[in-house]
Each structure stands twice: as C-alpha cells, then as structure tokens.
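Peer 1: coords please:
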Amino acid sequence: MRNVGLIVKVTRLCNLRCSYCYDWRSGQDQRMPFDVAARMTAAALRDPEHDAVEFLWHGGEPTLIPVQYFEKVMAVQARFRRPGQPIVNSIHTNATHITKRWVEFFQRYRWQVGISVDGPREVHEAHRVDAAGRPTLERVLRGYEQLRSEGLGVGVISVVDRQALALGPAALFDFMAEVGIHNYGVNFAMPDPQPGAAPGTRVDHYITTKERTEFLIGLYDRWRASGAHHIKIREIATVQHRLSQVKGGSLPCTYGGDCFGNLYTVEANGDVNHCCYMVGDPQYRWGNIMRQDFSAIRQSPNMHTVVAARARQEGELQQCPEVGVCRGGCPMEMYMSARHDPEPLTECCGQADFIRHVRTHPVVEAVA
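Peer 2: Prediction:
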C-alpha cells in the first residue's frame, strides 16, 4: 500500500514575479480545467494501492482560482473516497490574496495552509515582488496574521538563495522569531532542470551541497543557543525525529526513502510527472491522467528506467554512515548535484555532516 502525494499545479498563473521561480506561466491554458481535477481526484482515490492520499494544491498562485472550484473538488473527494481512506488537503500560497471567504473554506474542510516568507526584508523584497515590481512582505505578513488569528495552523517555507546565504542563518532565525513565525522549513533555491548539462555547469539559483550543510548547521546552532525550542524548523525536527527512532508521524519526502510512484506532480493539462522540481525533464514524465489511471502510470517505461537507476545509486549510498537517518536523501538533489555542483555527490546524499552535527550537539533542556 502507498501513501501518495499529488502536487497539483492547479494554475501556473501568478500575481508575483519571484526572481528564482520558474513555476509561473502566462496564457489562457494555465488553469486546470475542472474535468482534469475531477478525473485526477477520482483516479487517485479509487486506486486500490493508494491507502492514503494528500492533495497539495500548488501554483503559480492557487488562490487565483475561485473558492467555488475547490468546493466542487471537495464534493468529488467525498464521492470517491473509500471507507476509512485518509485524505489530506493542503495549499501553498503567497498569502497576498487571503480573504475571509478563503479562511472560512480552510476551516470548514480542515485544509492545511503553507505560505512563503523568505526572511528579513532585504532578502524577501529582493526576490518576492509582485507583477508590477512592488514589495510584498507587508501583504504576506498580513495574510499570515489573518490565517493565524482565525486559529489556522500555518506552516512557512523560506527559500534560501544567494542573498539569504550571504546574510546567514542567524538572520533568518531572528527575523522569524521577531515576527512570530514558529513553524517553518527551508527550501534551497533550485534551477530549472537541465538534463543535458555537463558536470559542473554553473547556473543561477543553485546552492551547493557544502553551502547547504553550512547554512543548516548554523541554523541549528542558532536555534539551539536561543533556548526557544518550541520553534519548529522542519529540517532540524526531521533529523531529531529520525535520530530518536520514533515510529509514526509524517516526514518530508526528502527523508522518505523511495518516492517514485508515491509522489506525483499533475499539470493543468493532466500530464503526470515526478516531483515539481523535475518538470521539464521528459525522462521524469510518466503519463497523462486523462488517458491513463495511476496503475498504468506506474508501469511507465520512464518510471521503470528512473527507478532502476535510483536503485543502483542507492547501492552506492549505503556506504554513507548516516544512510539509516537520511534514507539516501532526495533524488532531485543528487540530480542537480551531478550537473551543477563543483563537488558532486556520489557515495553520500550530502546530509551526513548536518546529521552528525545534530547527533553530537544535542539539545539539553534545563531542569526546573
């Protein structure tokens, strides 16, 4: 049985123009027709191998789609959900279009909400501007407060690109604490996939493995020294969870082990790819939900080729001393490293130094 995640690109339209983003598009064909959403939903819920399904509604900016569209989606989910089948709906938004109507919808259907805040003003405003080039931080924080004041749990993602890297992890931690964001994760900027890129090809918006590790270690040290251990930082909490060997709970896909066949990105036209970072490499396109169900998609020759290559890679990764914690890491990070990292990953997913640092510098709570 599978716990399946669907990253649904319900629209590629967006009201922002983030400098590192290649997800937005323009044009008349950038909204998912409802018949595509309905067929995808029904196929995902009816598949006998799909024990649980998470729909992550993504963009572009998904709140540019009317709320009524998603209310119809919920009716389709109710129609095709199998008895006892867990369903999670989450949405990732830039939070600039949050209204009372959206809040009521999230509350009624118990949706999880994630928003993007890139940290201190000089970082956020350098990257996350609207289509007219205007800053967005104040609007984003207003949306965040509106959601939080209504009792919704809100997770935040901060994209770390060159400016954030230069400013340092302490600046990110201190800013988030100052504005009251206590649950967030870090996504390091990634370029559009370039299948034919030669090893070591320099590109914009790529953070090397070494730089990632140094940033995460610095973030952990700042969090640990602060004593504010009620603040949950996804990357830290994940490693702590894995080190404690606690069973149960959800983990981000980067520590989930085998993600092929358990994670999909669905485009507006019904194309089914692997994760959203790989859209653009035809080798990671599995099929189209308007012509195939998920059983047929799992038989895709492309998926079989990629899975076989990953199995060989995982054999090499067993030499990493922390493979029991990282489970080989994220295939996407290995893919990008092979093309753009001056020190490409081979026998380790790149997480070992961070994991080892967390292991050897544990948090010691004060005894009252």
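
Peer 1: from the contact counts, what lies against the helix or strand of the chain with the lowest mean pLDDT?
Peer 2: Using mean pLDDT, DSSP states H and E, helix 323-326 stands out as the lowest-scoring helix or strand of the chain, at a mean of 89. Using 3 or more C-beta pairs under 8 Å, 6 or more residues apart in numbering; DSSP states H and E as the contact criterion, the secondary-structure elements in contact with helix 323-326 are helix 234-244, helix 352-360. Just so you know, the C-beta spots here come from the backbone N, C-alpha and C atoms, and that holds for glycine as well.

Peer 1: how about these, which one is nearest residue 222?
Peer 2: Ranking those by distance to residue 222, with C-beta to C-beta as the measure, places helix 234-244 first at 10.4 Å.

Peer 1: run a quick neighbour tally on the nearest residue to residue 19 once chain neighbours are set aside.
Peer 2: Spatial nearest neighbour of residue 19, chain neighbours left out: residue 127 (4.7 Å); criterion: C-beta to C-beta, 6 or more residues apart in numbering. When neighbours are counted by other C-beta atoms under 10 Å, residue 127 registers 23.

Peer 1: what's the answer for residue 362, then?
Peer 2: The criterion is other C-beta under 10 Å. On that basis, residue 362 has 10 neighbouring residues.

Peer 1: same deal with residue 79?
Peer 2: The number of residues packed around residue 79, counting by other C-beta under 10 Å, is 11.

Peer 1: correct me if wrong, but it is in a strand.
Peer 2: No. According to DSSP: H, G, I helix; E, B strand; the rest coil, the state of residue 79 is helix, so it is not within a strand.

Peer 1: now the element after the least confident helix or strand of the chain, going C-ward?
Peer 2: Per DSSP states H and E, the first helix or strand lying C-terminal to helix 323-326 is helix 331-340.

Peer 1: quick revisit: can you list the helices and strands packed on helix 323-326 in TSV and add mean pLDDT?
Peer 2: Putting the helices and strands packed on helix 323-326 into TSV (pLDDT from 0 to 100) gives the following:
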stretch	mean pLDDT
helix 234-244	93
helix 352-360	96
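
Peer 1: as CSV, those helices with mean neighbour count and distance to residue 300 would be great.
Peer 2: Formatted as CSV, the helices and strands packed on helix 323-326 follow (neighbours: other C-beta atoms under 10 Å; distance: least, C-beta to C-beta, whole Å):
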stretch, mean neighbour count, distance to residue 300
helix 234-244, 18, 29
helix 352-360, 17, 32
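
Peer 1: turn those helices into a markdown table, columns for distance to residue 96.
Peer 2: Formatted as a markdown table, these follow (distance: least, C-beta to C-beta, whole Å):
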| stretch | distance to residue 96 |
| --- | --- |
| helix 234-244 | 23 |
| helix 352-360 | 33 |
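
Peer 1: among these, which is nearest residue 182?
Peer 2: Go through those one by one with C-beta to C-beta and the one that ends up closest to residue 182 is helix 234-244, at 11.8 Å.
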